[in-house]
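> just the structure for this:
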Amino acid sequence: MYETIQMLHSYLAYVALAVLILAVANAVTGLIGKRIFNMNKDLRLSLFALILCHIQLLVGLVLYFVSPSGLHALQEFGMGGLTSAARLLAVEHPFINILAIALITVGWSRHKKFVEGDKKFKSIAIFYGIGLLLILSRIPWGQWFN
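Numbers count the residues shown, from 1 in each chain. Predicted coordinates:
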């Protein structure tokens with residue numbers, strides 16, 4: 001079961017990151033180009049990025065509790081006994097990614113309050129962009145490419 005959840009978490013991450021990057025790029029280009037916020041393309045891309053990030057979070061939380069490098073590592077070794085790689089998986093990766101997805105959710109909620117397209121694009125660009133940077137900062141790159 002652990003291997004299946006880990007594989008799902010890994011492959012879903014590629015899809016979620018790709019759609020999140022597209023949503024941020026779309027919001028930035030919409031803001032710079034002074035486009036009208038399109039309820040079909042712009043809304044759906046942002047919503048799809050939000051949904052995929054939340055699904056990835058749920059799969060990640062399940063993985064955190066069944067993985068030997070998640071909660072089990074913290075219980076066994078404590079914070080002081082973890083190496084930097086183990087600390088990344090057990091503490092930093094989950095905490096920062098929960099924070100990133102909370103920011104993405106705030107960006108989605110804020111954009112719904114605005115009527116003007118530039119404010120909608122700005123809200124999505126800022127919050128989704130910060131969330132994307134946080135996610136990219138805590139990906140265990142060494143495991144991804146092995």
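> what's the helix or strand in which residue 16 is found packed up against?
Secondary structure here is read from DSSP states H and E; on that basis residue 16 sits in helix 2-32. Packing partners of helix 2-32 (3 or more Cβ pairs under 8 Å, 6 or more residues apart in numbering; DSSP states H and E): helix 41-66, helix 117-137. From N, CA and C alone the C-beta is placed, and that goes for glycine too.
> for the longest one, buried residues please.
Applying a neighbour-count criterion of 16 or more other Cβ atoms under 10 Å, the buried positions in helix 41-66 are 42, 45-46, 48-50, 52-53, 56-57, 59-60, 62-64.
> show me the contacts for the residue nearest to residue 13 when sequence neighbours are not counted.
Closest residue to residue 13 apart from its sequence neighbours, by Cβ to Cβ, 6 or more residues apart in numbering: residue 56 at 6.2 Å. Applying Cβ atoms under 8 Å, 6 or more residues apart in numbering to residue 56 gives the contacts 9, 12-13, 16.
> from residue 33, how far out is residue 56?
Computed as Cβ to Cβ, to the nearest Å, the residue 56 to residue 33 distance reads 29 Å.
> residue 77 now?
Taking Cβ to Cβ, one finds residue 77 at 51 Å from residue 33.
> those two: who's more crowded?
residue 77 (14 against 8; other Cβ atoms under 10 Å).
> identify the residues contacting that one.
Contact partners of residue 77, counting by Cβ under 8 Å, 6+ apart, are residue 86.
> ok, residue 104 next?
20, 49-50, 53, 127-128, 131.
> thanks again, I'm all set now.
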